[in-house]
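[1] need a 3D model of the sequence below.
(4 chains)
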Number of protein chains: 2
Amino acid sequence: MLTANTSTQARVSLAMPSPAGANWSRQPKLWSTMSDLCSLVGIAEAVVEDSFQFQHVQFKAGQRIHTIGQPFDMLYVVNSGFLKTVMIDELGNEQVLSFPMKGDIFGIDGIHGKQYCTETVALTNCDVILVPFKILTSLGRTHASLEAAFHAVMCRELVREQTMISTLGSLTSEARVARFLVYLSQRFAEMGYSGTQFNLRMTRAEIGSYLGLTLETVSRTFSAFNAIGVISVDQKAIQIHDLESLRTLRRLPPSRARVRAEARRASMDAMAA
Amino acid sequence: MLTANTSTQARVSLAMPSPAGANWSRQPKLWSTMSDLCSLVGIAEAVVEDSFQFQHVQFKAGQRIHTIGQPFDMLYVVNSGFLKTVMIDELGNEQVLSFPMKGDIFGIDGIHGKQYCTETVALTNCDVILVPFKILTSLGRTHASLEAAFHAVMCRELVREQTMISTLGSLTSEARVARFLVYLSQRFAEMGYSGTQFNLRMTRAEIGSYLGLTLETVSRTFSAFNAIGVISVDQKAIQIHDLESLRTLRRLPPSRARVRAEARRASMDAMAA
DNA sequence: CGCATCCTTGAGTGATTTCAAACATAGTGG
DNA sequence: CCACTATGTTTGAAATCACTCAAGGATGCG
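    As a prediction, the model looks like this:
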């Protein structure tokens, strides 16, 4: 099912003007120009004289795009599909850092130190564009605007991580999960899908790792949101009923258990008086 | 006291070759060359024909170097002193993102979006070098190695934040505080100070914000480390006795209370058998 | 169909926070 | 010089949020 869904998505993205021409309806797109790349990544810039063609590569769900320690020479841009990038800590535990999807760049962490310090894995079938770093920098050398755009993208990534740090440092589990759903909703909407109804491509454990929670807490929080009618959950299928509540949520409204405890305390106060 | 300390530090850094010449013993250094900058930031690269002089600016403790929303045009490099950079969330709460010190760059988050999205404040008197972003990029345009070095620095920052995310997501409060101390120790040692005896320049609240903990938890954890002899704490004065323990610590050895609970459970088991 | 993986839910525990009070330090002005 | 204040630190006690452990249900795959 996920596979079918993904291939649909790939076909949609292929509606863009393509030099390949006639045979794209069945075959995945194999090459992109720099201006294709820029519009995909969301950069206003269109460098004119872009003769270089960037290669596309298809990955199946579960395949690794790059691993930790592998020599760095490529950046990657997601054209379709869903992935996760992870760090491995000294105990061998996986820490999910992001879920790259259409328009996202990954592999940036390899620039410093000449090798990747994360690995990224396809969660679904994917179409990924290879961007040789050498090519990018040499093009940047002749096109100042491209250089600036690249800086902006790196900076955007940096700010995203800062925001994540802030989230992990200050929000409750409910708020984190709520924000995660809002984020997914927005991304799906931007990709032209429904922002209120979608399938999660990652497991509860992966979400938990990403948000600094256990998989049980993630599951329970989904259930709680379901119980108060903000969303509907059925396994990986999510339906958002009240996006605004998710956006502003800081803590869950009192559960029945909590209300009962409050009432008990109140009655004890009354007895004391 | 802090002021005196800081000015000493400034003098040390001035041991580098300086065009200013004779009058540096009393006056802070006012200009740096690109090669000064590179060695300060820890980049092997020395661009030869660096005619441009980068201005130094002195800030007093408490002063703001840049604020959120302010138009971006500068990067900053710390020559001496200690600072904090913070984000403000939608409730107006401060989230500490880093504690820039000698050799650190800040202001990078302004590149994308043309304005800073963090603010940085001097915790002590500081000497900060202004790096106009325009100048940096135009120099990078003629010096490929400088360009590469700049990319490396941005990437290093990115990896640092990823590591922070991993820390916040997976470590206990004790492990976070321990790592923070190890980090400070290393930085102080790199700056030529004692790595085992130093004064904290930030409050418990700031440390807590940085580590995603409350100030009480930070204080208690310091006290606990003190109790088991790993460090000595007296207000802001820290002395590290067992760096290796801090480095490898994952959870605190059982407290007396915990030992008691264990013993209780064991005796109950014995009774049951 | 049976296995492997993922998800849900409950019960109990414990780590961290919250609330509160006392102590420490530095700066200020009488 | 000494209150006096403001800010920061320590510590205790109680509450609570999130985790751990455990079992059962759902789904997909060979």
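
[2] which residue does the stretch 101-250 of chain A have closest to DNA strand D?
    residue A:217 (3.0 Å; Cβ to the nearest atom of the strand). For every residue, glycine as well, the C-beta is placed using N, CA and C.

[3] quick one: is the helix or strand containing that residue near chain B?
    Residue A:217 belongs to helix A:215-227 when assigned by DSSP states H and E. No - against chain B, helix A:215-227 shows no contacts by Cβ under 8 Å from any Cβ of the partner chain, the least distance being 12.5 Å.

[4] just to revisit the earlier point, the residue of the stretch 101-250 of chain A closest to DNA strand D: neighbouring residues, count only.
    As a burial measure, residue A:217 scores 18 neighbours (other Cβ atoms under 10 Å in any protein chain shown).

[5] same check, this time on residue A:185
    Per other Cβ under 10 Å, the neighbour tally for residue A:185 reads 22.

[6] now it. Nearest residue, chain neighbours left out?
    Nearest non-adjacent residue to residue A:185, counting by Cβ to Cβ, 6 or more residues apart in numbering or on different chains: residue A:195, 4.4 Å away.

[7] ok, now residue A:181?
    residue A:246 (5.5 Å).

[8] surely that neighbour is in contact with residue A:184?
    No - Residue A:246 is not in contact with residue A:184 according to Cβ atoms under 8 Å; the separation is 10.4 Å.

[9] quick check: residues of chain A near DNA strand C?
    Contacts of chain A with DNA strand C, taken as Cβ under 7 Å from any atom of the strand, map to A:200, A:203-205, A:215-216, A:219-220, A:222-223, A:233-236.

[10] one more time with 10 Å, if that's ok
    Proximity of chain A to DNA strand C (Cβ under 10 Å from any atom of the strand) is limited to residues A:62, A:123, A:169-170, A:172, A:200-208, A:214-224, A:226-227, A:233-238, A:251, A:257.

[11] which of those residues are buried?
    A:123, A:169-170, A:200-202, A:204, A:206-208, A:217-222, A:224, A:226, A:233, A:238 (16 or more other Cβ atoms under 10 Å in any protein chain shown).

[12] is stretch A:110-127 up against DNA strand D anywhere?
    No - under the criterion of Cβ under 10 Å from any atom of the strand, DNA strand D is not reached by stretch A:110-127; the shortest gap measures 11.2 Å.

[13] endpoints of that stretch, how far apart?
    21 Å (Cα to Cα, to the nearest Å).

[14] for the stretch 1-150 of chain A, which segments count as strands?
    With DSSP state E, counting those that start in this stretch as the criterion, the stretch 1-150 of chain A has strands at A:31-32, A:54-59, A:64-66, A:74-80, A:83-88, A:94-98, A:105-106, A:119-122, A:126-132.

[15] near DNA strand D, which residues of the stretch 101-250 of chain A show up?
    So far as Cβ under 10 Å from any atom of the strand goes, the stretch 101-250 of chain A lies against DNA strand D at A:171-177, A:199, A:208-209, A:211-221, A:224, A:234-237.

[16] please report the distance of the residue lying closest to residue A:50 once chain neighbours are set aside from residue A:100.
    Spatial nearest neighbour of residue A:50, chain neighbours left out: residue A:34 (3.6 Å); criterion: Cβ to Cβ, 6+ apart. Residue A:34 is 20 Å from residue A:100, where distance means Cβ to Cβ, to the nearest Å.

[17] residue A:77 now?
    Distance from residue A:77 to residue A:100, counting by Cβ to Cβ: 9 Å.

[18] ok, residue A:89 next?
    20 Å.

[19] cool, residue A:177 as well?
    Counting by Cβ to Cβ, the gap from residue A:177 to residue A:100 is 20 Å.

[20] can you check residue A:215 too?
    Counting by Cβ to Cβ - residue A:215 and residue A:100 are separated by 21 Å.

[21] dump the residue contacts of whatever residue of the stretch 51-200 of chain A ends up closest to DNA strand C.
    Nearest residue of the stretch 51-200 of chain A to DNA strand C: residue A:200, at 6.5 Å (Cβ to the nearest atom of the strand). Neighbouring residues of residue A:200 by Cβ atoms under 8 Å, 6 or more residues apart in numbering or on different chains: A:184, A:207, A:236, A:237, A:238.

[22] which stretches of chain A have low pLDDT?
    A:1-27, A:45-48, A:251-273 (pLDDT under 70).

[23] would you tell me which helix is longest in it?
    Longest helix in chain A, counting residues (DSSP state H): helix A:144-170.

[24] what's that helix packed up against?
    When contacts are defined as 3 or more Cβ pairs under 8 Å, 6 or more residues apart in numbering or on different chains; DSSP states H and E, helix A:144-170 packs onto helix A:34-41, helix A:133-142, helix A:173-190, strand B:83-88, strand B:94-98, helix B:133-142, helix B:144-170, helix B:204-211.

[25] repeat the analysis, applying 6 Å as the threshold.
    Contact here means 3 or more Cβ pairs under 6 Å, 6 or more residues apart in numbering or on different chains; DSSP states H and E; on that basis helix A:144-170 packs against helix A:133-142, strand B:94-98, helix B:144-170.

[26] give me the domain ranges for chain A.
    If you go by automatic domain parsing, the domain ranges for chain A are A:2-170, A:173-272.

[27] so what's residue A:117 closest to, chain neighbours aside?
    residue A:109 (5.3 Å).

[28] that neighbour contacts residue A:115, correct?
    No - Residue A:109 lies out of contact with residue A:115 (Cβ atoms under 6 Å); the separation is 9.5 Å.

[29] what's around residue A:56, how many residues?
    18.

[30] got a list of what it touches?
    A:29, A:30, A:127, A:129 (Cβ atoms under 6 Å, 6 or more residues apart in numbering or on different chains).

[31] one more time with 7 Å, if that's ok
    A:28, A:29, A:30, A:31, A:32, A:79, A:127, A:128, A:129 (Cβ atoms under 7 Å, 6 or more residues apart in numbering or on different chains).

[32] the fifth one: how many residues sit nearby?
    For residue A:32, the neighbour count with other Cβ under 10 Å is 24.

[33] any idea what it is bridged to?
    Beta bridges link residue A:32 to residue A:54, judged by DSSP bridges.

[34] quick one: it from residue A:150, how far?
    Residue A:32 is 16 Å from residue A:150, where distance means Cβ to Cβ.
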